[in-house]
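Engineer: 3D model of this:
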Amino acid sequence: MIKEALEKIKAEIPEGVTLVAVSKTKPVSLIQEAYDQGHRVFGENRAQEMAEKFEQLPQDIEWHSIGHLQRNKVKYIAPFVSMIHAVDSMKLLKEINKEAAKNNRIIECLLQFHIAEEDSKYGMDFNEVQDLLESEELIEMRNISIVGLMGMATFTDDTEQIREEFRTLENYFQMIKSHYFKFNDAFKHISMGMSGDYPIAIEEGSTMIRVGSKIFGERN
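Structural biologist: Residues are numbered from 1 along each chain as shown. Have a look, this model is predicted:
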């Protein structure tokens with residue numbers, strides 16, 4: 001089932017869009033199965049769960065932290081995580097920088113925007129992101145690399161609303177790219193779209209989709 005699901009999704013998505021297989025709550029055996037089909041990029045939203053899986057699985061897996069990350073949990077993943085998607089505050093960014101420095105690493109980060117109507121979702125607004133990017137503190141951070149933006153659409157059947165929210169994030173990306181990262185080729189990622197809405201996200205400019213249930217079945 002995993003083999004067929006991966007093949008189907010990869011056939012649907014254009015070149016240049018990264019598929020992050022969301023393996024949260026899934027056993028190591030299923031991740032290994034996806035790995036054996038040639039997939040290498042996996043997303044987890046719990047730091048300790050990711051650290052445990054990292055120990056048990058092949059070392060060339062690219063681990064992405066995709067959920068809300070508490071500052072006191074950064075230390076568990078800093079030695080190996082490839083990218084942190086949900087950076088929603090300067091405090092969290094500082095903590096990532098600190099832990100990355102301890103491990104002599106540079107960790108790629110995405111800034112999370114709040115684009116949904118739901119208050120339960122995390123993320124910053126445009127002014128908060130501007131303040132972060134213009135702060136003196138950021139200049140001194142040597143162990144993080146801001147490589148793009150991330151956002152989650154409202155959980156709704158209204159596809160026009162979802163499309164509008166994704167379009168908003170893409171607009172933010174273009175503004176921030178031209179203003180702050182014009183000559184920085186690393187700033188290129190827009191992480192948006194999950195199992196239920198990734199086709200719309202891709203149409204609206206996503207470069208990275210986070211897909212779980214469509215690959216592994218419903219969450220445990």
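Engineer: give me every residue that touches the residue nearest the centre of the chain.
Structural biologist: Centrality entry for the chain: nearest residue to the mean C-alpha point is His85, 3.1 Å, by C-alpha atoms, centre = their mean. Applying C-beta atoms under 8 Å, 6 or more residues apart in numbering, we find His85 in contact with Gly43, His64, Ser65, Ile66, Leu110, Gln112, Met150, Ser191, Arg210. C-betas here are computed from N, CA, C, even on glycine.
Engineer: List the buried residues for the longest helix anywhere in the chain?
Structural biologist: Ordering each helix of the chain by length in residues (DSSP state H) puts helix 159-180 first. Using 16 or more other C-beta atoms under 10 Å as the burial criterion, the residues of helix 159-180 that qualify are Ile162, Arg163, Glu165, Phe166, Thr168, Leu169, Glu170, Tyr172, Phe173, Ile176, Lys177.
Engineer: What of stretch 183-194?
Structural biologist: Quick answer for stretch 183-194 (16+ other C-beta under 10 Å): Phe187, His189, Ile190, Ser191, Met192, Gly193, Met194.
Engineer: now the residues you listed in CSV, with distance to Val22?
Structural biologist: As requested, the buried residues of stretch 183-194 are exported to CSV (distance: C-beta to C-beta, whole Å):
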residue, distance to Val22
Phe187, 24
His189, 16
Ile190, 17
Ser191, 12
Met192, 14
Gly193, 11
Met194, 8
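Engineer: Where does pLDDT dip in the protein?
Structural biologist: Low-confidence segments of the chain (pLDDT under 70): 219-220.
Engineer: dump the residue contacts of the residue of it most remote from its centre.
Structural biologist: Largest separation from the mean C-alpha position in the chain: Glu136, at 25.3 Å (C-alpha atoms, centre = their mean). Contact partners of Glu136, counting by C-beta under 8 Å, 6+ apart, are absent.
Engineer: give me phi/psi at it?
Structural biologist: Main-chain dihedrals, Glu136, degrees, to the nearest 10: phi -60, psi -30.
Engineer: What about the buried residues of stretch 183-194, which are in strands?
Structural biologist: Judged by DSSP state E, strands contain the following of the buried residues of stretch 183-194: His189, Ile190, Ser191, Met192, Gly193, Met194.
Engineer: those helices in this protein, which residues are they?
Structural biologist: Secondary structure of the chain (DSSP H): helices located at 2-12, 28-36, 47-56, 74-77, 90-102, 126-133, 136-139, 159-180, 198-203, 213-216.
Engineer: buried set for the fifth one?
Structural biologist: Buried residues in helix 90-102, counted by 16+ other C-beta under 10 Å: Met90, Leu92, Leu93, Lys94, Glu95, Ile96, Asn97, Lys98, Glu99, Ala100, Ala101.
Engineer: From Ile139, how far out is the fourth one?
Structural biologist: Using C-beta to C-beta, to the nearest Å, one obtains 13 Å as the distance from Lys94 to Ile139.
Engineer: Next: the first one.
Structural biologist: Distance, Met90 to Ile139, by C-beta to C-beta: 13 Å.
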